[in-house]
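> okay, here's the prediction I keep looking at, along with the sequence it came from:
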Amino acid sequence: LHYGTLLGSRACATMAAAAWGTGLLYSLLHTATAFSVPLCQGNLVDQFFCEIAQILKLSCSKSDYLREVGIIYFSLCLICGCFVFIVVSYVQIFRAVLRMPSEQGRHKAFSTCLPHLAVVSLFVSTCIFAYLKPPSFSSPSLDLLVSFLYSVVPPAVNPLIYGLRNQELKAAVSNTYNFNIHKMHAGLTGAPR
């Protein structure tokens, strides 16, 4: 993987600005639409954050509801398009990696790509499930679990996945784990710590 030769700092800055800009516009669009929806069933949301789908359940305006649902479906089309682009990109990357003569180089490339693809797949699949499941299949506990999976798990898993490739971090985690196991064992057996 030759990021330095293929992507200069200007290209990276442009891609980062585009991602941040579209993320900001997307969130502003949903926020403005959600705040304009009149609520007839109170303002208590059965989630740990104010999710759009849960706000729509409280809506009493059919036109505002349909407008937000349209925005969600448009967003899902964009997300699916991005996911297809990521999959096609990874197919190209895997084809290039498989042509590498060095087994160590292939292993290093796969260890870089596969964790990212796993996190992205988890995020996209849970988002699609959350927003495309039929209403009859919905329950408050399932909605809470799915929203937790796509909003908390990928950001929490990312540093762990990428950090554990670092040998120093692996050693620190292993030492901490072994120390805590030893303390717990000593506490249970009454042995001196």
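That came through, no problem.

> buried sites along the one helix or strand L24 maps to?
Using DSSP states H and E, L24 falls within helix 9-36. Under the neighbour-count criterion of 16 or more other Cβ atoms under 10 Å, helix 9-36 has H30, T33, A34 buried. To be clear about C-beta, it is placed using only N, CA and C from the backbone, and glycine gets the same treatment.

> kindly indicate which of those residues lies nearest V45.
Comparing the buried residues of helix 9-36 against V45 with Cβ to Cβ places A34 closest, at 10.8 Å.

> if we can go back for a sec, which of the buried residues of helix 9-36 sits closest to L117?
H30 (26.7 Å).

> list the contacts of the closest residue to that closest one other than its chain neighbours.
Of all residues beyond its chain neighbours, the one nearest H30 is I52 (5.7 Å), with distances taken as Cβ to Cβ, 6 or more residues apart in numbering. Contacts here follow Cβ atoms under 8 Å, 6 or more residues apart in numbering; on that basis I52 touches H30, A34, E68, I72.

> how far away is I52 from C82?
Look at I52 and C82: by Cβ to Cβ, to the nearest Å, they are 19 Å apart.

> pull the CA atoms of stretch 44-58 into PDB?
Only the C-alpha atoms of stretch 44-58 are listed here, as PDB (Å, rounded to 0.1, in the frame of the first residue of the first chain):
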ATOM      1  CA  LEU A  44     -40.200  11.000  25.700                       C
ATOM      2  CA  VAL A  45     -37.900   9.000  23.400                       C
ATOM      3  CA  ASP A  46     -37.200   5.300  24.200                       C
ATOM      4  CA  GLN A  47     -33.500   5.500  23.400                       C
ATOM      5  CA  PHE A  48     -30.300   6.600  25.000                       C
ATOM      6  CA  PHE A  49     -30.000   9.400  22.400                       C
ATOM      7  CA  CYS A  50     -32.500  11.300  20.300                       C
ATOM      8  CA  GLU A  51     -32.600   9.100  17.200                       C
ATOM      9  CA  ILE A  52     -34.600  10.300  14.100                       C
ATOM     10  CA  ALA A  53     -36.700   7.100  13.800                       C
ATOM     11  CA  GLN A  54     -37.800   7.400  17.400                       C
ATOM     12  CA  ILE A  55     -38.700  11.100  17.000                       C
ATOM     13  CA  LEU A  56     -40.800  10.200  13.900                       C
ATOM     14  CA  LYS A  57     -42.800   7.700  16.000                       C
ATOM     15  CA  LEU A  58     -43.900  10.700  18.100                       C
END
